[in-house]
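**Q** Kindly generate the corresponding structure for this input.
(one chain, ligands or ions: 1)
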Amino acid sequence: MLKFTKMEGLGNDYIYVDGIHQKVDMTPEFITRISDRHFGIGSDGMIVILPSQKYDFFMRMFNRDGSEGKMCGNGIRCFAKFVYDHHLTDQTYLEIETLAGVKRVWLHVENGTVQSVKVDMGQPSLNTQDIPCLFNKEQMVDEPLNINHHIYRCTAVSMGNPHVVTYVDQLDFEIEKIGPYFEKNEMFPESVNTEFVRVIDRQHLKMRVWERGSGETMACGTGACAVMYASYVNGLCDSQVDVELLGGILNIQYQDGHIFMEGPARTVFEGIMNEEDFKNV
Ligand SMILES: N[C@H](CCC[C@H](N)C(=O)O)C(=O)O
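**A** Residues are numbered from 1 along each chain as shown. Predicted structure coming up:
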């Protein structure tokens, strides 16, 4: 049997599993099955809590299709709440190792309850090699990309994971008709998370996201940071903004070369699963 916790950050929901005290199957077959919203628990993927040699914990995250992401902004906020609520730590400042480097995390706790979580998401990069992106310049900033016979002005940003940001007048379009063309585009050899942005004003950006490996999600923390930074370098916003996603609002700040994100983290339910039940679905 495997204990798990279903958690969400602005509706970006994952199955959290304590991999310190349990043996966790991290194969794509298992992850896709438990993430299925009809035959499984239902989620955008799975996040595993692991020990770290040098830091407080190690976070591994997997998208709904079983692919491993290097970093997850909504996920790391819930990860921090998980380790605090499950008494794996009593610290309210954590250093969490990820495949995108170590992230500094501050838990805002009142009366023993996590109210919100602030994360130093690190330094964004425009360098096409960091994304990675095969564009023939060092940076892709407001460059025309032909995606499925339509020209999008694109800015590529790495938040440790790959993002491409494009600006639209309206957000009420059929994202599933265009998202996969970005996600599978040969310009992005490791695929890409795609953000569609409407600038409301210099302190308010509105977005939808088509995530690599999960499709449209209600929110994307790394995506919101990529959107803020892309908008900042394109002169469209100030250094602190509210990014409005389908699932709610994240406050994003660019300071001293780092992107800081603050937002909620919520436990939906605790559960126990029998892995055998997922062998043949
Ligand atoms: N799909 C992303 C990982 C999840 C990112 C997102 N859920 C977030 O909150 O940052 C990737 O493969 O790079």
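**Q** can you pull out the helices in the chain?
**A** 28-35, 73-85, 179-183, 221-233 (DSSP state H).
**Q** Can you add mean neighbour count and give those back as TSV?
**A** Glycine gets a C-beta too; all of them are placed from N, C-alpha and C. As requested, those are exported to TSV (neighbours: other C-beta atoms under 10 Å):
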stretch	mean neighbour count
helix 28-35	20
helix 73-85	27
helix 179-183	19
helix 221-233	28
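**Q** Switch those over to JSON lines; also include mean pLDDT and distance to the ligand.
**A** As requested, the helices of the chain are exported to JSON lines (pLDDT from 0 to 100; distance: least, C-beta to the nearest ligand atom, whole Å):
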{"stretch": "helix 28-35", "mean pLDDT": "98", "distance to the ligand": "12"}
{"stretch": "helix 73-85", "mean pLDDT": "98", "distance to the ligand": "4"}
{"stretch": "helix 179-183", "mean pLDDT": "98", "distance to the ligand": "10"}
{"stretch": "helix 221-233", "mean pLDDT": "98", "distance to the ligand": "3"}
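**Q** closest to residue 141 out of those helices?
**A** Residue 141 sits nearest to helix 221-233 of all the helices of the chain, at 6.0 Å, using C-beta to C-beta.
**Q** relative orientation of the closest one and helix 73-85 in degrees?
**A** Orientation check (axes from the mean of the first three to the mean of the last three C-alpha atoms, to 10 degrees): helix 221-233 against helix 73-85 gives 130 degrees.
**Q** which strands and helices sit next to helix 221-233?
**A** In terms of contacts (3 or more C-beta pairs under 8 Å, 6 or more residues apart in numbering; DSSP states H and E), helix 221-233 is packed against helix 73-85, strand 150-158, strand 162-167, strand 193-201, strand 204-211, strand 240-245, strand 248-255, strand 258-263.
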